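Undergrad: The sequence and its predicted three-dimensional model are supplied below.
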Amino acid sequence: MTGSGISVIIPALNERESIGQVVASLPWPMIDECIVVDNGSTDGTDQVARQAGARVVYAPQGYGSACSAGAEAALATSDILVFLDGDGSDAVEELPNLVEPIQTDCADFVLGSRIRGGAEPGSMLGSQIFAAHLVGFLLRILQGVRYTDMGPFRAIRRSSLQRLPMSEMTYGWNIEMQIRCAQHRLRIQEIPVSYRCRIGGVSKVSGDMRASMKAAWRIVAVVLRIGASRKRR
Ligand SMILES: Nc1nc2c(ncn2[C@@H]2O[C@H](COP(=O)(O)OP(=O)(O)OP(=O)(O)O)[C@@H](O)[C@H]2O)c(=O)[nH]1
Ligand SMILES: [Mg+2]
């Protein structure tokens, strides 16, 4: 076993209805902290998160910006960073499965695949499933790496993330991490995870046509800009 301090990082924008339940249902005995990263919530998400036991940090706008600020803010003693969404879609009870390959030094990055785990009907749009397959296909050709998803529920060794020159501050952050992990020859594992419909509140991405198009564009841009190169950059 390597050191196993675990920080859970949750980007959250206007998730008052779900964030309390998500934070409270984390497997607290095995984690060291939960950081909720808010950048612009107007519904008191930060207060609810704090009451449920999270530390709240604030960041400039954007999903990637929030994830990156959370990683920066993690306790110095945390060797493993776990990312998940604040809307209750990710199966927090499966967190032990996600971190185990890193704790036992079998992997540096573990991606939870909703495609392999079986997403609850309605929790993923057909277009998201198609995009996951398409991006997986492109990255197999471009990078020689097999991914079946770009899901938010993931764990990474902190020292590994620090080596990656992450630059996307938008919804392209997740796929950038996956590509850079492959380029930096990190040990990657993908495990099946469950995925549910959000437990309340309003969708910021998949349920909003404009936001979905923007997110899709960022993902394509990242795959073309970073994924087309095999070099470590
Ligand atoms: N801090 C922060 N969090 C964000 C931002 N945009 C989205 N989020 C959070 O990122 C997570 C993913 O957003 P969702 O709205 O659930 O996107 P989605 O999963 O495609 O949509 P649903 O299918 O409705 O769940 C949620 O926890 C959001 O609150 C942002 O700009 N800043
Ligand atoms: Mg969601």
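TA: Received the coordinates, thanks. Ligands and ions are numbered 1, 2, ... in the order given.

Undergrad: Could you use CA atoms for every contact and neighbour count after this?
TA: Noted.

Undergrad: which bits of the chain sit near ligand 1?
TA: Residues of the chain found near ligand 1 (CA under 6 Å from any ligand atom) are 11-15, 37-39, 61-63, 66, 85-87, 123, 198, 203-207.

Undergrad: Could you list which of those residues belong to strands?
TA: Of the residues of the chain next to ligand 1, the ones assigned to strands by DSSP state E are 11-12, 37-38.

Undergrad: What strand or helix carries the residue positioned nearest the centre of the chain?
TA: With distances taken as CA atoms, centre = their mean, Pro152 lies nearest the centre of the chain, 3.0 Å away. Applying DSSP states H and E as the criterion places Pro152 outside every helix and strand.

Undergrad: Please point out which parts of stretch 69-84 sit buried.
TA: 69-71, 73-75, 78-84 (16 or more other CA atoms under 10 Å).

Undergrad: Surely the residue nearest to the centre of the chain and Asp85 touch.
TA: Yes: contact criterion CA atoms under 8 Å: Pro152 and Asp85 qualify, at 6.4 Å.

Undergrad: which parts of the helix or strand containing Gly136 are buried?
TA: Counting by DSSP H and E, the element that carries Gly136 is helix 126-143. By neighbour count on 16+ other CA under 10 Å, the buried set for helix 126-143 is 128-129, 131-133, 135-139, 142-143.

Undergrad: Kindly export that helix (C-alpha atoms) in PDB.
TA: Output of helix 126-143 as PDB, limited to C-alpha atoms (Å, rounded to 0.1, in the frame of the first residue of the first chain):
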ATOM      1  CA  GLY A 126     -28.000   9.000 -26.600                       C
ATOM      2  CA  SER A 127     -25.700  11.800 -27.900                       C
ATOM      3  CA  GLN A 128     -23.500  11.400 -24.800                       C
ATOM      4  CA  ILE A 129     -23.200   7.700 -25.300                       C
ATOM      5  CA  PHE A 130     -22.400   8.200 -29.000                       C
ATOM      6  CA  ALA A 131     -19.800  10.900 -28.100                       C
ATOM      7  CA  ALA A 132     -18.200   8.600 -25.600                       C
ATOM      8  CA  HIS A 133     -17.900   5.800 -28.200                       C
ATOM      9  CA  LEU A 134     -16.600   8.200 -30.900                       C
ATOM     10  CA  VAL A 135     -14.000   9.800 -28.600                       C
ATOM     11  CA  GLY A 136     -13.000   6.400 -27.400                       C
ATOM     12  CA  PHE A 137     -12.500   5.300 -31.000                       C
ATOM     13  CA  LEU A 138     -10.500   8.400 -31.900                       C
ATOM     14  CA  LEU A 139      -8.200   8.100 -28.900                       C
ATOM     15  CA  ARG A 140      -7.600   4.400 -29.700                       C
ATOM     16  CA  ILE A 141      -6.300   5.400 -33.100                       C
ATOM     17  CA  LEU A 142      -4.500   8.600 -32.000                       C
ATOM     18  CA  GLN A 143      -3.100   7.600 -28.700                       C
END
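
Undergrad: And the contacts of the following helix or strand past it?
TA: The element immediately downstream of helix 126-143 (helix or strand, assigned by DSSP H and E) is strand 154-157. Outside strand 154-157, the residues that touch it by CA atoms under 8 Å, 6 or more residues apart in numbering are 79-84, 98-99, 102, 108-112.
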